[in-house]
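with the sequence up front, the predicted model follows.
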Amino acid sequence: MKPAPFEYLAPTTLAEAISSLASFDGDAKVLAGGQSLVPMLNMRLARPGLLVDLRRIEALDYIRESGDRLEIGAMTRKRTVEQSALVARRQPLLHAATCLVAHPQIRNRGTVGGSMAHADPSAEYPAVAVALDADLRAVGPDGERRIAAQDFFVTYLTTALSPAEVLIGISVPCLPEGTGWAFTEIARRHGDFAMVGAAITLALDAGGRCADTRIVLFGVGPIPVRPRGAEQLVSGERPGSDLYREAGRKVSEEIDEPLSDVHASAEFRRHLAAVLTQRGLEEAVARAAATA
Ligand SMILES: Cc1cc2nc3c(=O)[nH]c(=O)nc-3n(C[C@H](O)[C@H](O)[C@H](O)COP(=O)(O)OP(=O)(O)OC[C@H]3O[C@@H](n4cnc5c(N)ncnc54)[C@H](O)[C@@H]3O)c2cc1C
C-alpha cells in the first residue's frame with residue numbers, strides 16, 4: 001500500500017519544527033529515522049496531514065559527557081551509539097542494549113528519540129531508560145520540560161509527549177563505579193523484536209550483599225515493568241543461585257498483564273521473565289564482584 005497524501009516539511013531549526021507542528025493542531029507527525037513511522041504510513045495505520053522531518057536539524061545529533069551523565073540528542077542514530085567508545089565506557093548497559101536493536105541497516109537509520117517516542121512495548125530503549133533512571137527532554141510551544149523515564153511511557157505506543165512537542169534528547173546517568181549490570185533478551189531470531197527482555201543493575205555492599213537492585217522487564221506489558229517485590233527480595237541478601245531462582249519466581253508472580261500474541265503466549269512470557277531475571281542477576285552480580 002501507499003501512504004495517504006500528506007504535506008512534508010524538512011526544517012533546519014527546532015523552532016521552525018515546533019511552530020509547524022503547532023500550526024497543524026494535532027494532525028502533524030514528526031519523522032525521524034522512519035523505521036517505524038513509514039511502515040505505519042504505508043499501511044495507513046497513521047494518516048497525518050503533515051510530516052515534519054527532523055533529519056536536517058543537526059543540533060539534535062550529538063553524544064556528550066556532562067559530569068556524571070551522558071547527553072544524547074534525539075536524532076542520534078543507534079549505529080552512532082553502538083560505535084561510541086564514550087557510551088561503551090560510561091554506560092555499558094545502554095551500549096549492550098543498542099547492539100540488540102534490530103539489524104545494522106535499521107540501526108543506521110533509526111534514532112534514539114524515535115525509539116523512545118514510538119514506545120513499542122517490545123523495544124529495548126524504553127526499558128533501558130527506565131532501568132537507568134534517564135530523563136527525556138522535550139520542547140513544545142510552552143518551552144522545554146524534562147520528563148522522568150518512569151513517567152514518560154504511558155501505555156502501548158503512547159508517551160507523555162503532547163502532539164506539538166518534539167523530544168530533543170535524553171539525559172542518562174553514567175554507570176556508577178562498582179555497579180554491576182546485565183541486559184538480556186530472548187528473540188526468535190537475531191535482530192527480531194525480543195519476546196521478553198530484562199535490564200538489571202545492582203551493587204554489592206561492603207559485606208558482599210546485594211544493594212540498589214533495579215530490575216526492568218520489557219515485552220511483558222504495555223510499558224516497561226519494574227517488579228518492585230523482586231527488587232526488595234534481592235536487596236540486602238547474599239547473592240547465590242537460590243536467591244536468583246526465588247527472584248525469578250517472584251517476578252513471574254508480579255507480572256500481571258503479560259502480552260499474548262502470535263510470537264508468545266502470556267504464560268511463556270511469564271516463564272521467560274523469570275528465567276531472564278535469574279540469568280541477569282547472576283551476570284550483574286559477577287560484574288559487580290569483578291569491579292569490587
Ligand atoms: C524490521 C525491523 C525490525 C526492528 N526491530 C527492532 C528491535 O528489535 N528493537 C527495537 O527497539 N526496535 C526495532 N525496530 C524499530 C526501530 O528501532 C525504529 O528505528 C524505532 O522504533 C523508531 O525510530 P525512528 O527513528 O525510525 O522513528 P520514526 O519511525 O521516524 O518515528 C517513530 C514514531 O516516533 C515519533 N517520533 C520520532 N522522533 C520523535 C521526536 N524526536 N519527537 C517526537 N516524536 C518523535 C514519530 O512521529 C513516530 O510516531 C525495528 C524496525 C524494523 C523495520
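Sure thing, it's come through.

if you tally nearby residues, what's the number for residue 282?
Residues lying near residue 282 (other C-beta atoms under 10 Å) number 19. For every residue, glycine as well, the C-beta is placed using N, CA and C.

residue 91 too?
26.

residues in contact with it?
By C-beta atoms under 8 Å, 6 or more residues apart in numbering, the contact set of residue 91 is 70, 132, 172, 173, 174, 175.

and if you look at residue 268?
residue 195.

just the strands from the stretch 51-200 of the chain, written as ranges.
For the stretch 51-200 of the chain, the strands defined by DSSP state E, counting those that start in this stretch cover 63-66, 69-73, 135-140, 143-148, 153-155, 158-159, 166-173, 180-186, 196-204.

quick one: contacts of the fourth one?
Which is strand 143-148. Contacts for strand 143-148 (C-beta under 8 Å, 6+ apart): 133, 135, 136, 137, 138, 160, 168, 171.

and that strand, C-alpha only, in PDB?
Extracted in PDB, the C-alpha atoms of strand 143-148 (Å, rounded to 0.1, in the frame of the first residue of the first chain):
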ATOM      1  CA  GLY A 143       9.200  25.800  26.300                       C
ATOM      2  CA  GLU A 144      11.300  22.800  27.500                       C
ATOM      3  CA  ARG A 145      10.500  20.200  30.100                       C
ATOM      4  CA  ARG A 146      12.300  17.100  31.500                       C
ATOM      5  CA  ILE A 147      10.200  14.000  31.900                       C
ATOM      6  CA  ALA A 148      11.500  11.100  34.100                       C
END
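
name every strand pairing with it and say which way it goes.
Here strand 143-148 is paired, per DSSP bridges, with strand 135-140 (antiparallel).

show the buried residues in the contacts of strand 143-148.
135, 136, 137, 138, 168, 171 (16 or more other C-beta atoms under 10 Å).

what residues does the stretch 151-292 of the chain have near the ligand?
Contact residues, the stretch 151-292 of the chain versus the ligand (C-beta under 6 Å from any ligand atom): 161, 166, 167, 193.

can you put these in a markdown table and add neighbour count and pLDDT?
Formatted as a markdown table, these follow (neighbours: other C-beta atoms under 10 Å; pLDDT from 0 to 100):
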| residue | neighbour count | pLDDT |
| --- | --- | --- |
| 161 | 20 | 97 |
| 166 | 23 | 98 |
| 167 | 26 | 98 |
| 193 | 18 | 93 |
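
tell me the two of these that are most distant?
Greatest spatial distance in those: 166 and 193, 25.3 Å, computed using C-beta to C-beta.

show me which positions of the top helix by length along the chain end up buried.
For the chain, the longest helix by residue count, based on DSSP state H, is helix 266-291. Of the residues in helix 266-291, those buried by neighbour count under the rule 16+ other C-beta under 10 Å are 269-285, 287-288.

again with stretch 212-231
Quick answer for stretch 212-231 (16+ other C-beta under 10 Å): 213-221, 223-227, 230-231.

please apply the same query to stretch 90-107.
90-98, 100-102, 107.

in helices only, show me these.
90, 92, 93, 94, 95, 96, 97, 98, 107.

verify the stated contact: residue 215 with residue 279.
No: counting by C-beta atoms under 8 Å, residue 215 stays clear of residue 279, with 11.9 Å between them.

where in the stretch 1-150 of the chain is pLDDT low?
Scanning the stretch 1-150 of the chain for pLDDT under 70 picks out nothing.

which bits of it sit near the ligand?
Counting by C-beta under 6 Å from any ligand atom, the residues of the stretch 1-150 of the chain near the ligand are 29-37, 54, 74, 101-102, 106, 110-111, 113-115, 117-118, 120, 123-125.

right, I'll leave it there.
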